[in-house]
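S.K.: no sequence on this one, just coordinates:
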DNA sequence: TCAATCCTAAGTATTTTACTGGGAATTCCA
DNA sequence: TGGAATTCCCAGTAAAATACTTAGGATTGA
């Protein structure tokens, strides 16, 4: 039940974009450095995310990527679905899966997998990039030049 | 986020044991035939399940496996935890994982993975083999009033 | 022009998965 | 007592998936 690096890196990278939302395009080299992810691997992931309409790109110098929608309108689930393919624990309960076993109607294990799938889906569809940004700001120690609060 | 065959087969097989709970040992060759799982692969899985105390074995002719506890005291989660290792979507939120990244305290992605892990755990810990048996009996078309449950 | 950047496809080493095989030990039953 | 049915154990292995890297082309701003 492990998430692959695609999903993990993808969420981290999208969070990074959310953190800089509204500041113009962010280059992959910056994300690569900040989040410690291989640049060329990121290129792959962002290709998929762009094709699926989550981000827009601008080429050339000073180019980069931006979220296509505000962070509160992009869920972690959307990112994971694109990069992981599906979050179904077994193939037979995933959405695009057309052919199912003859016994699917009376299959009790299938019901278990459906429950897992549903709960995972509910969780990830319920978390937006904006939520992550908010969390981040709360967790972050406040750095104020005037106060000089140390921790 | 796929479950491996170990987890899938393991739950199916344990469900089979639950269905025959109280009828003496069930041999792997029977489970193999009924659930359509390779016998020698099942041997591997049952080795783990036995070592972890979910089932007991009796060797020799007429031997086999039995649930060590009643079906309502064995959860799907217990089975999956043994066979899948852990249900954590990323290593850093799994239980036995001691070393964590320096930033774990302020890691927002980690919180996402924790939420997923928690929800999956809640679901699978909340389903017992008894629940599956009950479901199975409900789904099963009633065959004949005179005949009892023939499985 | 040139450097920074996106874009794409292909290649590859490593790891994981999903088994299979061989054989030893144990136990029931005829 | 012998043989069939079973668990038990460990090692091997083919195929698939993962996690990248490499190479190079296309685009754009300064």
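M.R.: Alright, I've got the coordinates. Remember, it's a predicted structure, so these values are computed and weren't measured experimentally. Numbers count the residues shown, from 1 in each chain, chains lettered A, B, ... in the order given.
S.K.: CA atoms for contacts and neighbours, from now on please.
M.R.: Noted.
S.K.: between the helix or strand residue A:110 falls within and helix B:108-125, how big is the angle?
M.R.: If you go by DSSP states H and E, residue A:110 is part of helix A:108-125. Calculated by axes from the mean of the first three to the mean of the last three Cα atoms, to 10 degrees, helix A:108-125 forms an angle of 150 degrees with helix B:108-125.
S.K.: hmm, who's touching the helix or strand that helix A:108-125 is followed by?
M.R.: The helix or strand immediately downstream of helix A:108-125 is helix A:129-139, counting by DSSP H and E. Helix A:129-139 has contacts (Cα atoms under 8 Å, 6 or more residues apart in numbering or on different chains) with A:14-15, A:18-19, A:71-76, B:105-109.
S.K.: now name the helix or strand holding residue A:86.
M.R.: With DSSP H and E as the test, residue A:86 turns up in no helix or strand.
S.K.: dihedrals phi and psi, it?
M.R.: Here is the backbone geometry of residue A:86 (degrees, to the nearest 10): phi -160, psi 160.
S.K.: in this structure it contacts residue A:93, no?
M.R.: No - assessed by Cα atoms under 8 Å, residue A:86 is found out of contact with residue A:93, at 9.8 Å.
S.K.: any idea how far the helix holding residue A:110 is from the chain center?
M.R.: In terms of Cα atoms, centre = their mean, to the nearest Å, the centre of helix A:108-125 is set 19 Å apart from its chain centre.
S.K.: likewise stretch A:127-141?
M.R.: 14 Å.
S.K.: can you give me the neighbour number for residue A:31?
M.R.: 20 (other Cα atoms under 10 Å in any protein chain shown).
S.K.: pLDDT at it, what is it?
M.R.: You'll see residue A:31 listed with a pLDDT of 98.
S.K.: quick one: the helix or strand where it lies near DNA strand C?
M.R.: In the assignment (DSSP H and E), residue A:31 maps to helix A:28-35. Yes - part of helix A:28-35 sits close enough to DNA strand C to count as contact by Cα under 7 Å from any atom of the strand, namely A:28, A:29.
S.K.: buried residues in that helix?
M.R.: By neighbour count on 16 or more other Cα atoms under 10 Å in any protein chain shown, the buried set for helix A:28-35 is A:28, A:29, A:31, A:32.
S.K.: now render the residues you listed as CSV, adding distance to DNA strand D.
M.R.: Output for the buried residues of helix A:28-35, formatted as CSV (distance: Cα to the nearest atom of the strand, whole Å):
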residue, distance to DNA strand D
A:28, 13
A:29, 12
A:31, 14
A:32, 10
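S.K.: which of these lies closest to residue A:43?
M.R.: Closest approach between these and residue A:43, by Cα to Cα: residue A:28, at 7.4 Å.
S.K.: burial of the closest residue to residue A:87 other than its chain neighbours, as a residue count?
M.R.: Distance criterion Cα to Cα, 6 or more residues apart in numbering or on different chains; nearest residue to residue A:87, sequence neighbours excluded, is residue B:1 at 5.5 Å. When neighbours are counted by other Cα under 10 Å, residue B:1 registers 22.
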